[in-house]
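1. Next one to model:
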Amino acid sequence: MSSTERYSDDHSNPPKLNLSSILSPPPNSLSHFSDSISRLAATMSSISTPTDSSRDSHLDSTIALLNMCNTVLAQIEQLRLRCLRLKFAHPLLSSLISDHLSCARKALSEWEMWSSDNDSDLDLASVEEVEKTNVAVRRLREAIDSGKIANEEFRVAIIETEKVAEELTMGLDRLAAAVNKLFTVVMGSRNVVLDSYKVGVGPKKCK
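-> Numbers count the residues shown, from 1 in each chain. Got it, this is the predicted structure:
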């Protein structure tokens, strides 16, 4: 069942919203994650202002949804920073200079030590793009440790790490755009509800 299908047909009385329950099971790739978030944002955009009896519930549940968005965005920024460190390592690896290799290995080790410190079900550490990067980084670091830096295997390992890091960065950028869009839509729906308290307006489409 898609994220849009998890909503009731009665859009004037939307159910409680929680990103981890809506995206269940958790996405196994950044592409899947981005698509699910985009569909959720589109659905939120179509929801009418809740009735008087459900406005408080809507405000409470959307706070949880905004918090989940912030959690995902924080993980994205952590991964982006580590991708930048990998990019810093690539030219150092190609030089084959001992001091450069030492700095590059440190950057690779920092990647391997990364943990999202995330206690929600939506942990980006488990998506396939991150897993592929983990494998590529481990192989490259092992090649440095073994001293096999002048053979074809080492060159291939560098290229593969560059490739997966770039794919991960692109996936993170797309996901960040989708989550920011969802955040904006949810904030808009909350503002509509808050305005309805002030002026007593009836149901209307969320902006």
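
2. Could you pull out the helices in the protein for me?
-> For the chain, the helices defined by DSSP state H cover 19-22, 30-46, 55-95, 98-112, 128-146, 152-199.

3. got a markdown table for those helices, with mean pLDDT too?
-> Formatted as a markdown table, these follow (pLDDT from 0 to 100):
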| stretch | mean pLDDT |
| --- | --- |
| helix 19-22 | 60 |
| helix 30-46 | 89 |
| helix 55-95 | 87 |
| helix 98-112 | 88 |
| helix 128-146 | 92 |
| helix 152-199 | 88 |
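
4. need these in TSV with mean neighbour count, can you?
-> Bear in mind the C-beta positions are built from the backbone N, C-alpha and C, glycine included. Shown next, in TSV, are the helices of the chain (neighbours: other C-beta atoms under 10 Å):
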stretch	mean neighbour count
helix 19-22	19
helix 30-46	20
helix 55-95	17
helix 98-112	15
helix 128-146	18
helix 152-199	17
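
5. Throw those helices into CSV and include distance to Leu122, thanks.
-> Formatted as CSV, these follow (distance: least, C-beta to C-beta, whole Å):
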stretch, distance to Leu122
helix 19-22, 5
helix 30-46, 8
helix 55-95, 6
helix 98-112, 21
helix 128-146, 13
helix 152-199, 10
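
6. got the contact list for the residue nearest to Arg141 when sequence neighbours are not counted?
-> Nearest residue to Arg141, sequence neighbours excluded (C-beta to C-beta, 6 or more residues apart in numbering): Leu108, at 4.4 Å. Applying C-beta atoms under 8 Å, 6 or more residues apart in numbering, we find Leu108 in contact with 86, 89, 137, 140-141, 144.
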